[in-house]
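only geometry, no sequence info:
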């Protein structure tokens, strides 16, 4: 990727292209998975682009980090289709998932989710605020971060980075801790659901944890942890052709204009 880009999020659809978001200025970078060649698709607003997801209409849903916002971008032209102000208080809109007929965004600073209902695929006029209640307790540091659907699609899964806990979260925001038999996933960041298997990227630990869940997503077991010598604080994950792709955010390296960045591809564990 370009020097100084500072990637954080990744999205891959049904075509061999990956989209990365810059945590510095919000640029979106599009890369061919076949050639490795890429270019900036969409100029950012000067605030971060963190978690990304792409839908079957080639729309990129972007989490806006400290900007407190979300954007929806045309993945073909790079045009911003719609922008949403989610928070006007200090916030960190960290990740997004598409499930249950909506886009769902986490806020690592405030105990709340935001949802964009997508009735017949149409983008809504405004986001809906869903307070988080129940077992999750926000503390110092990064709280709710990565988000995914449960295997049965009836609820959401949220990872709390600072505690390493996973929470099953209903669509009205009620949270219960997922029973992992005493295991934790500290520094949990991006999530990827594949059947009943949930993959959790543990960023600063340079690990991908594989968790076998029950269908409801109420309990699971850590069955493996995968690392690779080329991992340099990977933050999140996307899949294409039985391989995982992860951006190296390099949080432990100063983000200078000349700092180099890359993404890593590994076989699906």
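Arrived safely. The structure displayed is predicted, hence computed values, not measured ones.

So which bits of stretch 133-141 are buried?
Neighbour-count burial for stretch 133-141, counted by 16 or more other CB atoms under 10 Å, picks out 136, 138. Any C-beta I mention is one placed from the backbone N, CA and C, and that applies to glycine too.

Need the contact partners of that stretch.
Here stretch 133-141 makes contact (CB atoms under 8 Å, 6 or more residues apart in numbering) with 109-111, 143-144, 158, 160-163, 165, 167, 169, 173-177.

Over to that stretch now: how far is its first residue from its last?
19 Å (CA to CA, to the nearest Å).

for that stretch, what is the average pLDDT?
Stretch 133-141 carries an average pLDDT of 97.

Mind listing the residues bridging to the closest residue to residue 224 other than its chain neighbours?
Ranked by CB to CB, 6 or more residues apart in numbering and with sequence neighbours excluded, the top spatial neighbour of residue 224 is residue 210, at 4.6 Å. For residue 210, the beta-bridge partners under DSSP bridges are residue 199, residue 224.

right, and residue 210 touches residue 194 too?
No: if you go by CB atoms under 8 Å, residue 210 and residue 194 don't touch, sitting 9.1 Å apart.

Neighbour count: those two, which is higher?
More crowded of residue 210 and residue 194, by other CB atoms under 10 Å: residue 210, with 20 against 14.

ok, residue 121 - contacts?
Residues in contact with residue 121 (CB under 8 Å, 6+ apart) are 55, 57.

how about 10 Å then?
Taking CB atoms under 10 Å, 6 or more residues apart in numbering, we find residue 121 in contact with 55, 56, 57, 59, 101.

I'd say the third one and residue 120 touch.
No: in this structure residue 57 lies outside contact range of residue 120 using CB atoms under 10 Å: 11.1 Å.

sec struct for residue 204, please.
With DSSP: H, G, I helix; E, B strand; the rest coil as the basis, residue 204 sits in helix.

That one and residue 106, how far apart?
19 Å (CB to CB, to the nearest Å).

got any ranges where the stretch 51-200 of the chain has weak pLDDT?
Of all residues in the stretch 51-200 of the chain, none has pLDDT under 70.

for the stretch 101-250 of the chain, what spans make up the strands?
102-107, 112-117, 128-131, 133-134, 144-149, 156-160, 165-169, 174-177, 188-194, 197-202, 207-213, 220-226, 238-240, 243-247 (DSSP state E, counting those that start in this stretch).

about what we covered before: for residue 204 and residue 106, indicate the residue with more neighbours.
Using other CB under 10 Å as the criterion, residue 204 and residue 106 rank with residue 106 on top: 30 against 15.

Tell me what that one is bridged to.
residue 113.

hang on, it packs against residue 143?
Yes: with contacts counted by CB under 10 Å, residue 106 reaches residue 143, the gap being 8.4 Å.

Now the common contact residues for the two.
Residues touching both residue 106 and residue 143 (CB under 10 Å, 6+ apart) are 92, 94, 132, 158, 159, 160.

picking up where we left off before, quick one, which of residue 57 and residue 120 is more surrounded?
Neighbours per residue (other CB under 10 Å) separate residue 57 from residue 120, with residue 57 holding more: 12 against 5.

one step back: tell me, what's touching residue 210 and residue 194 both at once?
With contacts taken as CB under 10 Å, 6+ apart, the residues that reach both residue 210 and residue 194 are 268, 269.
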